[in-house]
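In: give me a 3D structure for the following:
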Amino acid sequence: MKQEESMDRQVLVEDVWKSFDRGRIEVLKGVSLKVPKGGIVALCGTSGCGKSTLLNVISGLEEVDRGKVRVSGHDVVNESTRIDLLRHHIGYVFQFHHLMPDLTLQENCLVPLVATGGDRNAGMARLRELAEATGVAHRLGQRVRELSGGERQRGALVRSLMNDPELLLCDEPTGALDESNREKVFDLLLDLVRARGRTLVLATHDPDLARRCDRTVKMRDGRIEDDNAS
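Out: Model (predicted):
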């Protein structure tokens, strides 16, 4: 592949295989996926089809058995590369917010800034901007355990965007919310990603949410069954 084409791809997955339990459980079976910069892609399929594992190998949270994974032009091959990608290039939103319940929302959102040693004044300005955009500015001083489910997931979205990542990965980010909050959080997610020209790869079993993305990739039994990329 030419260098120019490689750099134009935010995510490049080629013939990736991933198994667990010493190879007895195959989860990804020769998966290939290309996502251009600024692309908004929904990974769809039933539970156990491999959506979450694919997100995890893209992020570097899981190592592949074989195949190639590149993010922002970097090979996801060794620990230092994976840590750098997660700190500076990738944001991750989980289905269950993974915020620390006894810390305030502000303290949780500043964790990425602390991890990278970023400028605190700039970080606080960005936190205020994102908190206003997501409607949780008035809740920053509250402990997470005192927040509603919708507020926690909005906070998780703020945290994932604190270091202005080029790529945002979301694993069923609205799956634990009621219908009203699901729509509001997803609206915010799309608005924030599109306003900043960022790349989004989203795992969801909700066809209504998937239809609002630019492209849908259907997975089944560890393989890509259909990809409606033009």
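
In: just list whatever residues bridge to the most centrally placed residue in the chain.
Out: Most central in the chain under C-alpha atoms, centre = their mean is residue 169, positioned 1.3 Å from the mean C-alpha point. Beta-bridge partners for residue 169, by DSSP bridges, are residue 92, residue 201.

In: now residue 143
Out: Beta-bridge partners, per DSSP bridges, of residue 143: residue 104.

In: isn't it up against residue 108?
Out: No: in this structure, residue 143 is not within contact of residue 108 by C-beta atoms under 8 Å, at 9.5 Å. Quick note: C-beta positions are derived from backbone N, CA and C, even for glycine.

In: who's more crowded, the two?
Out: Using other C-beta atoms under 10 Å as the criterion, residue 143 and residue 108 rank with residue 108 on top: 22 against 16.

In: okay, and that one sits in which element?
Out: Per DSSP states H and E, residue 108 falls inside helix 105-109.

In: quick check: buried residues in that helix?
Out: For helix 105-109, burial by neighbour count (16 or more other C-beta atoms under 10 Å) applies to 105-109.

In: helices or strands up against the helix or strand that comes right after that helix?
Out: If you walk from helix 105-109 toward the C-terminus, the next helix or strand you reach (DSSP H and E) is helix 111-116. Packing partners of helix 111-116 (3 or more C-beta pairs under 8 Å, 6 or more residues apart in numbering; DSSP states H and E): helix 79-88.
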